[in-house]
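In: Compute the structure for the input listed below.
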Amino acid sequence: HIVLFLADDHGAADAGCYGNPHLRTPHLDRLAVEGLRFERAYCGSPSCTPSRSALYTGLMPARNGAHPNHAPVREGTKSLPHYLAPLGYRVVLFGKSHIAPRAAFRFEYVEGRIPPAGPDQGSALDTAALDRFLASHKQQQPLCLIVSSWSPHIPWPENDSYNPEEIALPPGSVDTPQSRKARARYYTDVTQLDSRLGSCLDSLVRHGFADNLLFVYASDHGAQWPFAKWNLYEAGTRVPLIVRWPGRVQAGRTSRAMVSLVDLLPTFIEVAGGKPPSAIDGRSLAPVLAGTTDRHRDNIFTTHTGDGRMNRSPMRAVRTERYKYILNLHPERKYETHISRGVARDGRDYWESWLAAAENNPAARRTVDAYEQRPAEEFYDLAVDTHEQRNVAAELPESLKADLRQQLAGWRKNQGEKP
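Out: Purely as a prediction, here's the structure:
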């Protein structure tokens, strides 16, 4: 059996097993001890539909057609069910979908949503319904199950026992009481996500799946926070990825291999006994899972095109072992998202406090300006600046910058993008 538990808007740094001492994530932490934790896993695009469409098709957004958020893939595009159903698998999507059209994503869709109790309450994953589903599945048929959570996507629940004064804000944040209050609510949602993960794992054991199961935890992209979701910085594109496969994957191991979520589709096909198609962007992770190598990709490409009327700042990026190059296709536009233009629950509540702080605080002014005004090119040395706080475009050798530009341009051409 294959189970992928997919979180929504969960940043890679936001779990105890990824080094965050302020977050309570006991089930994720246990999963990391029992499996393989990837330190450098990336989504294809830092917004919901493009990321999920890329994951389920093994094709990056330009090739599957779901470039901006909420866009459908192209007619005739194949996805996970097309490949696993002929191998005898029951392929089920339980919970959030956010993909289209159904003809391209031929999952068996199972409702798994507890509706919000009010406008400022998020949908919850119905773990009781998940337990009933697992109890009803006939074990003779192999199951590929996507458990797709709504957490920790906004709106976040009220803070539950996190002290806003004690938590750490992400680098590049403006430290205001409103920021800390919002971050504590996000942490609360991450902990609730972790609890639902624990319920899922318990149900798998209870109904006899655990002894023959490849279990994967991942997120579609980073959190809805400035410089994260809708951005090609590490906070937006680096995602948690943990794989547990007793007897096949060494427990307690950490991998520095650079991998992409598009690599999951060919991995699942190979695990299921099939042959991954050659004409996709994904590459099977089987050698990394087996421990025969700790290298997978020499570079990671990510894209972001837009998310409705609030987000019209497309960008493309390549990261190598050490450097990242971000190309902003329309630097003349003011960078805006739901955070800066939406309603309070989107982040507008704490964003207003950032604007107020920027009136008298030069550091806050620099942060707001960095968010709203993007240069045509950004270069980062990730070896010394892991949080991408300093654009070193003026300092890197021209030969290095030219090489990064060439890598990105060549990849975009191969993807079918116009220059």
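
In: What's the end-to-end length of stretch 119-128?
Out: From its first residue to its last, stretch 119-128 covers 23 Å (C-alpha to C-alpha, to the nearest Å).

In: for stretch 282-292, same thing?
Out: Stretch 282-292: ends 19 Å apart by C-alpha to C-alpha.

In: For that stretch, buried residues please.
Out: Residues of stretch 282-292 classed as buried: 282, 283, 284, 285, 286, 288, 289 (neighbour count, 16 or more other C-beta atoms under 10 Å). Heads up, the C-betas are built off the backbone N, CA and C, glycines and all.

In: repeat for stretch 128-145
Out: So stretch 128-145, judged by 16+ other C-beta under 10 Å, has buried residues 129, 130, 131, 133, 134, 137, 142, 143, 144, 145.

In: State the distance from the second one to residue 154.
Out: Between residue 130 and residue 154 the distance is 23 Å, computed by C-beta to C-beta, to the nearest Å.

In: Now do the host helix or strand of residue 400: distance to the chain's middle.
Out: Using DSSP states H and E, residue 400 sits within helix 398-414. Here the centre of helix 398-414 is set off from its chain's centre by 25 Å, with C-alpha atoms, centre = their mean, to the nearest Å.

In: Convert that helix to PDB, retaining C-alpha atoms only.
Out: Output of helix 398-414 as PDB, limited to C-alpha atoms (Å, rounded to 0.1, in the frame of the first residue of the first chain):
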ATOM      1  CA  GLU A 398      29.800  37.700 -13.800                       C
ATOM      2  CA  SER A 399      30.700  34.200 -15.000                       C
ATOM      3  CA  LEU A 400      28.700  32.600 -12.200                       C
ATOM      4  CA  LYS A 401      25.700  34.800 -12.700                       C
ATOM      5  CA  ALA A 402      25.800  34.100 -16.400                       C
ATOM      6  CA  ASP A 403      25.900  30.300 -15.800                       C
ATOM      7  CA  LEU A 404      22.900  30.500 -13.500                       C
ATOM      8  CA  ARG A 405      21.000  32.700 -16.000                       C
ATOM      9  CA  GLN A 406      21.800  30.200 -18.800                       C
ATOM     10  CA  GLN A 407      20.700  27.200 -16.700                       C
ATOM     11  CA  LEU A 408      17.300  28.900 -16.000                       C
ATOM     12  CA  ALA A 409      16.900  30.100 -19.600                       C
ATOM     13  CA  GLY A 410      17.700  26.600 -21.000                       C
ATOM     14  CA  TRP A 411      15.200  24.900 -18.600                       C
ATOM     15  CA  ARG A 412      12.500  27.400 -19.400                       C
ATOM     16  CA  LYS A 413      13.000  26.700 -23.200                       C
ATOM     17  CA  ASN A 414      12.800  23.000 -22.600                       C
END
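
In: just checking, what packs against it?
Out: Of the remaining helices and strands, those touching helix 398-414 by 3 or more C-beta pairs under 8 Å, 6 or more residues apart in numbering; DSSP states H and E are strand 315-319, strand 323-328, strand 377-381.

In: What does residue 62 show for phi and psi?
Out: Phi and psi for residue 62, reported as degrees, to the nearest 10, are phi -60, psi -30.

In: Neighbours of it, how many?
Out: By other C-beta atoms under 10 Å, the residues close to residue 62 number 24.

In: got it, and residue 391?
Out: 18.

In: So it sits against residue 385, correct?
Out: No: in this structure residue 391 lies outside contact range of residue 385 using C-beta atoms under 8 Å: 9.3 Å.

In: Correct me if wrong: residue 63 contacts residue 415.
Out: Yes: counting by C-beta under 8 Å, residue 415 is a contact partner of residue 63 at 5.8 Å.

In: more neighbours, those two?
Out: residue 63 (23 against 16).

In: What are the contacting residues of the one helix or strand the more buried one maps to?
Out: Here residue 63, judged by DSSP H and E, is contained in helix 61-64. Contacts of helix 61-64 with the rest of the structure, by C-beta atoms under 8 Å, 6 or more residues apart in numbering, involve 44-45, 50, 53-54, 57, 67, 73-74, 77, 281, 303, 305, 412, 415-417.

In: Would you mind identifying the next helix or strand past that helix?
Out: Using DSSP H and E, the first helix or strand after helix 61-64 is helix 80-84.

In: Now tell me what touches that following helix from outside.
Out: Contacts of helix 80-84 (C-beta under 8 Å, 6+ apart): 56-57, 91, 105-107, 144, 146, 265, 268-269, 272, 274, 276-277.

In: Of these, just the buried ones, PyMOL syntax please.
Out: The following PyMOL line selects those of the contacts of helix 80-84 that are buried, judged by 16+ other C-beta under 10 Å:
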select buried, resi 56+57+91+105+107+144+146+265+268+269+272+276
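
In: Count the neighbours of the residue lying closest to residue 299 once chain neighbours are set aside for me.
Out: Distance criterion C-beta to C-beta, 6 or more residues apart in numbering; nearest residue to residue 299, sequence neighbours excluded, is residue 320 at 5.0 Å. Counted with other C-beta under 10 Å, residues neighbouring residue 320 total 17.

In: Same question for residue 52.
Out: Per other C-beta under 10 Å, the neighbour tally for residue 52 reads 28.

In: can you confirm it is in a strand?
Out: No: counting by DSSP: H, G, I helix; E, B strand; the rest coil, residue 52 falls outside a strand, being helix.

In: Residue 10 and residue 109, how far apart?
Out: For residue 10 relative to residue 109 (C-beta to C-beta), the value is 22 Å.

In: what about the two, which has more around it?
Out: Neighbour count, other C-beta under 10 Å: between residue 10 and residue 109, residue 10 has more, with 29 against 13.

In: I'd guessed that one sits against residue 225; true?
Out: No: using C-beta under 8 Å, residue 10 makes no contact with residue 225, being 11.5 Å away.

In: Alpha carbons only: can I get the strand or helix carrying residue 367 in PDB?
Out: According to DSSP H and E, residue 367 maps onto helix 362-372. Below are the C-alpha coordinates for helix 362-372, written out as PDB (Å, rounded to 0.1, in the frame of the first residue of the first chain):
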ATOM      1  CA  PRO A 362      14.000  52.000   9.200                       C
ATOM      2  CA  ALA A 363      14.400  48.200   9.600                       C
ATOM      3  CA  ALA A 364      10.700  47.700   9.200                       C
ATOM      4  CA  ARG A 365      10.700  50.100   6.200                       C
ATOM      5  CA  ARG A 366      13.400  48.000   4.500                       C
ATOM      6  CA  THR A 367      11.400  44.800   5.100                       C
ATOM      7  CA  VAL A 368       8.100  46.300   3.700                       C
ATOM      8  CA  ASP A 369      10.000  47.700   0.700                       C
ATOM      9  CA  ALA A 370      11.700  44.400   0.100                       C
ATOM     10  CA  TYR A 371       8.300  42.700   0.000                       C
ATOM     11  CA  GLU A 372       6.600  45.200  -2.300                       C
END
